[in-house]
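Asks: Okay, predicted coordinates and the sequence, questions at the end:
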Amino acid sequence: MGRSLRARIVSLSLRQKYKPRSDAEVIASIEALKDAPAPAYQIPESVKLSVPVREDALEDMQVFTVNETEPGQKTILYLHGGGFHANIEPAHWALINKICAKTGAKCIVPLYPLIPYATWKESFHLLTELYRTLDPDVETILMGDSSGGGLALSLELEWAKQGLKLPDKTILFSPWVDLRTDNPGITKLQKKDPFLWAPSLRIYAKYWAGDLDLTDERVSPTFGDLSVLKNISVFIGTREIFHPDVVEFCSKLKGSQLIVGRDMNHVYPLFPIPEADLALEQIVFLVQMGEPRDGDEPSDPLQTGGTQYAGTQRFLTVVIFLLIAAGFCWWKAYTAAAIVCGVSGLLGLGMYFWAKGREKAPDPTEHIGTDSNAEKQENE
């Protein structure tokens, strides 16, 4: 059991890219931005979308509409993550593009105001105004990751108070539900998480909350009246510090399901790994038809992740080793050993590609490797 090879490589690259910084360094980087206006965003040339995209504006907020092709399309409102300080990334666009292409849905992507230029208050105003423009008769799905996922939940709590019709479904990836980021389980997970650093997150949280206490539901949705939330689906990894808070949050919900990526990092559906391919199929299913019934208790966690890939990866590693050994033996003139290793490696390689050709696509409606003690085992 374990992660795929690509998932391990991604984890290593994240650990190199997101090295912990001191509190002073984080604060200085935020304060330095105050001297310049918030820059306008342009989709990078490296982002290749297979569906149409249009840019509009709501007051000073840039709003992108992806894959609008006909009236009455199912609509996704996507709130990107980034710790309330970083803008949307190419990985977000890649996932949005795949979801739109596979479901035919339209996706609205607002670039809400970030710190240090704004707090939760400005974003609440703009995103609520944007939500009011959506057709209430068209199925709407609220989607978000990380800080954007937590923001999505806080907005739903606010919209319920305002008497607005809530989204038909909510699909979230590793939402930040408690900005205090002080769950006792975080200490054990911090050394496993290559992406998030709790001390830095607490600083971003204080800037985002402004004058609010971090236990206010407008910034930490876990403290709100969760009985108003319905049809919530949450993806979470077991190698991320948000895991304990998300599990606790989902246990309070009705009509929800928790999809657990075993041995997966923060927002794992956004990365180019096999486990994300499976998550994408689950997301597509949820967008198209999967919906818990009102009043249902949270489902048993869907255990996804590296378990179905680990055996294949280990087998392929052995095959590559045999081929390398064959080359070494041939170079050393150990002809017999080279032939044995080479033939074994080639046969193994042939078996690998034969098995890959017969491999069936995973059924996103099935519980994969369900284990009621999975979270406990991962954190031990």
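Replies: The structure has been received and is ready for your questions. Residues are numbered from 1 along each chain as shown.
Asks: Check which helices and strands the host helix or strand of Ile283 sits against.
Replies: Here Ile283 sits within helix 274-288, counting by DSSP states H and E. On a contact count with 3 or more C-beta pairs under 8 Å, 6 or more residues apart in numbering; DSSP states H and E, helix 274-288 meets helix 5-17, helix 90-103, strand 169-173, strand 232-237, strand 256-262, strand 302-305, helix 307-331. To be clear about C-beta, it is placed using only N, CA and C from the backbone, and glycine gets the same treatment.
Asks: Tell me which of these lies nearest to Ala152.
Replies: strand 169-173 (6.4 Å; C-beta to C-beta).
Asks: Among the helices and strands packed on helix 274-288, show me which one is buried the most.
Replies: strand 232-237 (a mean of 27; mean count of other C-beta atoms under 10 Å).
Asks: Tell me the gap between that strand and the middle of its chain.
Replies: 8 Å (C-alpha atoms, centre = their mean, to the nearest Å).
Asks: quick one: average pLDDT of the helix or strand that that strand is followed by?
Replies: Once strand 232-237 ends, the next helix or strand along the chain (criterion: DSSP H and E) is helix 243-251. Averaged across helix 243-251, pLDDT comes to 97.
Asks: do stretch 207-219 as well
Replies: On average, stretch 207-219 scores 98.
Asks: swap in stretch 4-12?
Replies: pLDDT averaged over stretch 4-12 gives 93.
Asks: give me the element His28 is part of.
Replies: No, residue 28 isn't His; it's Ala. helix 23-33.
Asks: Which elements pack onto that helix?
Replies: Packed next to helix 23-33, using 3+ C-beta pairs under 8 Å, 6+ apart, are helix 198-209.
Asks: Could you list the alpha-carbon positions for the helix it packs on in PDB?
Replies: In PDB, the C-alpha atoms belonging to helix 198-209 read as follows (Å, rounded to 0.1, in the frame of the first residue of the first chain):
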ATOM      1  CA  ALA A 198       0.700  25.900  10.200                       C
ATOM      2  CA  PRO A 199       2.600  29.000  11.700                       C
ATOM      3  CA  SER A 200       2.400  30.800   8.400                       C
ATOM      4  CA  LEU A 201      -1.200  29.900   7.900                       C
ATOM      5  CA  ARG A 202      -2.100  31.500  11.200                       C
ATOM      6  CA  ILE A 203      -0.600  34.800  10.100                       C
ATOM      7  CA  TYR A 204      -2.500  34.800   6.800                       C
ATOM      8  CA  ALA A 205      -5.600  33.900   8.800                       C
ATOM      9  CA  LYS A 206      -5.300  37.000  11.100                       C
ATOM     10  CA  TYR A 207      -4.900  39.300   8.100                       C
ATOM     11  CA  TRP A 208      -7.900  37.800   6.400                       C
ATOM     12  CA  ALA A 209     -10.100  37.900   9.500                       C
END
